[in-house]
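> Starting from these lines, generate the structure:
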Amino acid sequence: MTTALLLAAGSSRRFGPTCKLQAMYQGKPLVRHPADAILQAGLQAVAVVADPAVEALLPEFRIVRVHPGPQSQSLRAGLDMITDDRALVVLGDMPHLDAALLLRIASAPAPAAAFDGSRIMPPASIPVTMFPEVTGLTGDRGAASLLQTRADLCKIPVSRHILKDVDLLSDLE
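Numbering: from 1, shown residues only. Okay, the predicted model is just below:
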C-alpha cells in the first residue's frame with residue numbers, strides 16, 4: 001500500500017509575508033488543490049504542517065506538526081509516520097496535480113518520480129527500503145538528489161505546466 005505524504009510546512013519566504021498555502025487559487029486555498037487530488041486518488045493521507053491555520057485546512061489528513069524548518073526535516077517527520085510499503089511525496093504548493101497522475105506515480109514500480117523532460121520532481125514514490133537514506137538528508141533537500149542516482153528509477157513523463165509550483169505571489173495569476 002501507499003500513503004501520500006503532503007509536505008505543507010515550508011516557510012515560503014519568497015512568496016511574501018502571508019502563508020502561500022492559505023492563499024486563494026481558483027476558488028480555494030492553494031494547499032487544498034494537491035490535498036484534494038490525494039483524497040480523490042483514495043490514498044491514505046498524512047500531512048506535515050508547521051502552521052495551525054494550514055492544519056485546519058486539512059481535516060481529512062493525519063497531521064504531523066513540526067517547527068518551521070528545512071524540507072528534509074518535514075520529509076523525515078512524515079516518513080517516520082508511514083508504515084506502508086511506500087510513500088508518495090506531494091508538495092503543498094503544486095496546484096495542478098490530479099488524482100490520475102498521483103495514481104500513475106503511486107502504481108509505478110518504486111522508486112518513481114514525475115519527469116518534466118529534463119529533471120525529476122515531486123510527486124515521487126519512495127519505497128520503504130529507501131526511507132533510511134531519505135531520512136538521512138539534511139537542509140532544504142528533498143529526495144530528488146537520491147532518486148536521480150537510482151538506476152531503477154521509473155520516470156513518469158508529465159507536462160511542465162502540471163508540475164509548476166507556486167513560489168511567488170505572481171505565480172497565482
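> I'd like the next helix or strand past the lowest-mean-pLDDT helix or strand in the chain.
None of the helices or strands of the chain scores lower by mean pLDDT, DSSP states H and E than helix 144-147, at a mean of 90. For helix 144-147, the following helix or strand on the C-terminal side (DSSP states H and E) is strand 154-157.
> any idea how far that following strand is from the chain center?
Offset of strand 154-157 from its chain centre (Cα atoms, centre = their mean, to the nearest Å): 16 Å.
> what packs against it?
In terms of contacts (3 or more Cβ pairs under 8 Å, 6 or more residues apart in numbering; DSSP states H and E), strand 154-157 is packed against helix 99-107, strand 112-115. Where C-beta positions appear, they are placed from N, C-alpha and C, glycine not excepted.
> In CSV, list the C-alpha atoms belonging to it.
Extracted C-alpha coordinates of strand 154-157, given in CSV (Å, rounded to 0.1, in the frame of the first residue of the first chain):
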residue,chain,number,x,y,z
CYS,A,154,10.8,4.9,-13.0
LYS,A,155,10.5,8.4,-14.6
ILE,A,156,6.8,9.3,-15.3
PRO,A,157,6.6,11.9,-18.1
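> quick one: contacts of that strand?
Strand 154-157 has contacts (Cβ atoms under 8 Å, 6 or more residues apart in numbering) with 101, 104-105, 108-115, 117, 120.
> Can you select the buried ones among these for me in PyMOL?
Here is the PyMOL command that selects the buried residues among the contacts of strand 154-157 (16 or more other Cβ atoms under 10 Å):
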select buried, resi 101+104+105+110+111+112+113+114+115+120
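> if we can go back for a sec, would you mark the buried spots in the least confident helix or strand of the chain?
146-147.
> Work out the gap between it and the centre of the chain.
14 Å.
> Then stretch 35-49?
The answer for stretch 35-49 is 10 Å, by Cα atoms, centre = their mean.
> Show which residues not belonging to it make contact with it.
Here stretch 35-49 makes contact (Cβ under 8 Å, 6+ apart) with 1-9, 28, 55, 57-58, 60-66, 74-75, 77-78, 81-82, 84, 88, 90, 92, 97-99, 101-103, 106.
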